[in-house]
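Visitor: here are the coordinates; sequence isn't available:
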């Protein structure tokens, strides 16, 4: 039995059936840089992230297919028109505080992410800031996360612009909290 086959047990018949798994092959083709994914496992399960690089074979100390992702651990809070008006009248910074994004940078197993139909257009800027080598040292990882936070915050504040309607829809989806 190879890695691409899974064996299922048929309860009433009492036979095991071997089925060729196509998910591994299709995930490799879909998980390209810029694709928005949903994390399925770990403490960040249910959070959205964007793929920065995909490694389909063994590389470094990872003996499995993996992706480098940057995502939103804590989404920005909802901003209402009344809140904007109160901010303008009182001179407070409530809107600024509600726009704070907490990013995460992680290397994940390809089987632990689910690709969506959306893409994010700032993945090139994120890829220049976050590399595999920047995740090795804690101080470099902190600096990379702060730069990613700046890039994501700037994109969040400028959601309405984009190359086309698909790009705008991807940005709006990325910064919306996943309800499940």
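Guide: Looks like it arrived, so ask away. In this text, all values refer to a predicted model and were calculated from it rather than measured experimentally. Numbering: from 1, shown residues only.
Visitor: Name the surrounding residues that touch whichever strand or helix holds residue 155.
Guide: Element membership of residue 155 [criterion: DSSP states H and E] is helix 138-157. Applying Cβ atoms under 8 Å, 6 or more residues apart in numbering, the external contacts of helix 138-157 come out as 70, 72, 76, 99-105, 120-122, 125-126, 129-131, 133-135, 171, 175. The C-beta positions use only the backbone N, C-alpha and C, and glycine is treated the same way.
Visitor: for it, which positions count as buried?
Guide: 144, 145, 147, 148, 149, 151, 152, 155, 156 (16 or more other Cβ atoms under 10 Å).
Visitor: pLDDT averaged over that helix - what is it?
Guide: If you average the pLDDT over helix 138-157, you get 88.
Visitor: try stretch 97-115
Guide: Rounded mean pLDDT across stretch 97-115 is 90.
Visitor: quick one on the thing from earlier: what would the buried residues of helix 138-157 look like in JSON lines with distance to residue 61?
Guide: Output for the buried residues of helix 138-157, formatted as JSON lines (distance: Cβ to Cβ, whole Å):
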{"residue": "144", "distance to residue 61": "19"}
{"residue": "145", "distance to residue 61": "21"}
{"residue": "147", "distance to residue 61": "25"}
{"residue": "148", "distance to residue 61": "23"}
{"residue": "149", "distance to residue 61": "27"}
{"residue": "151", "distance to residue 61": "28"}
{"residue": "152", "distance to residue 61": "28"}
{"residue": "155", "distance to residue 61": "32"}
{"residue": "156", "distance to residue 61": "34"}
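Visitor: and these, which two are the farthest apart?
Guide: 144 and 156 (18.3 Å; Cβ to Cβ).
Visitor: Based on its surroundings, how many neighbours for residue 167?
Guide: 16 (other Cβ atoms under 10 Å).
Visitor: In contact with it, which residues?
Guide: By Cβ under 8 Å, 6+ apart, the neighbours of residue 167 are 119, 121.
Visitor: so when I look at it, I'm seeing a strand, right?
Guide: No: for residue 167, which was evaluated using DSSP: H, G, I helix; E, B strand; the rest coil, the result is helix, with no strand membership.
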